[in-house]
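*Asks:* With the input below, show me the fold.
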Amino acid sequence: MGKACHRITDIKLDEKSVVRRTADVEHERAVAIYDLLEDNHFAPTSGVDGPFRLTLRLEEDRLIFDIGDEADALLESIAMSVKPFRRVIKDYFDVCESYFEAIKTATPSRIEAIDMGRRGLHNEGSEVLRERLGDRVEIDFNTARRLFTLLCVLHIKG
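*Replies:* Residues are numbered from 1 along each chain as shown. From the prediction side, this is the model:
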């Protein structure tokens, strides 16, 4: 099959317990979803064909990928522990908080330094996600980055 069948065409976050998020977080979520839908590579190794509708949800200590077809019929679910992400998500949240504070008053060089740290942690989380999904779903780095952003959004408790 061609590239069209190895892509996500719709994504939802199952947000049963979502609290109100800041405008910055909502913007990051919206950008991640927009960029993901514009360009992604998502190929389950089970061989199911897409394009796919994806729902991400947290259930206890697991991230669940509910993979559906265009009619939203469930094709398969992939569950993975979020424990390997805890440190990088916590560090990423801390740096993001510093970044959003810094953009209000800090010097451009300070903002750039914090942003470099933020991008580094984001890349680290993206690589962990690719590794953890590796034998179940083939994704490219940019898809992993956007999915990691959405994983972080799901972790926001308030």
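*Asks:* how about the nearest residue to T9, chain neighbours excluded?
*Replies:* For T9, ignoring the flanking residues on the chain, the nearest one in space by Cβ to Cβ, 6 or more residues apart in numbering is P51 at 4.3 Å. Every residue, glycine included, has its C-beta placed from N, CA and C.
*Asks:* Sort out which residues of the lengthiest helix in the chain are buried, please.
*Replies:* Using DSSP state H to define each element, the chain has its longest helix at helix 108-133. In terms of neighbour count (16 or more other Cβ atoms under 10 Å), helix 108-133 has its buried residues at 111, 114-115, 117-118, 121-122, 124-126, 128-130, 132-133.
*Asks:* Who are the packing partners of it?
*Replies:* strand 74-81, helix 86-105, strand 137-139, helix 141-155 (3 or more Cβ pairs under 8 Å, 6 or more residues apart in numbering; DSSP states H and E).
*Asks:* Mind listing residues that contact stretch 56-72?
*Replies:* Stretch 56-72 is contacted from outside by 9, 11-14, 16, 44, 48, 50-55, 74-83, 85, 137, 147, 150-151, 154-155, using Cβ atoms under 8 Å, 6 or more residues apart in numbering.
*Asks:* buried sites along it?
*Replies:* Residues of stretch 56-72 classed as buried: L56, R57, L58, L63, I64, F65, D66, I67, G68 (neighbour count, 16+ other Cβ under 10 Å).
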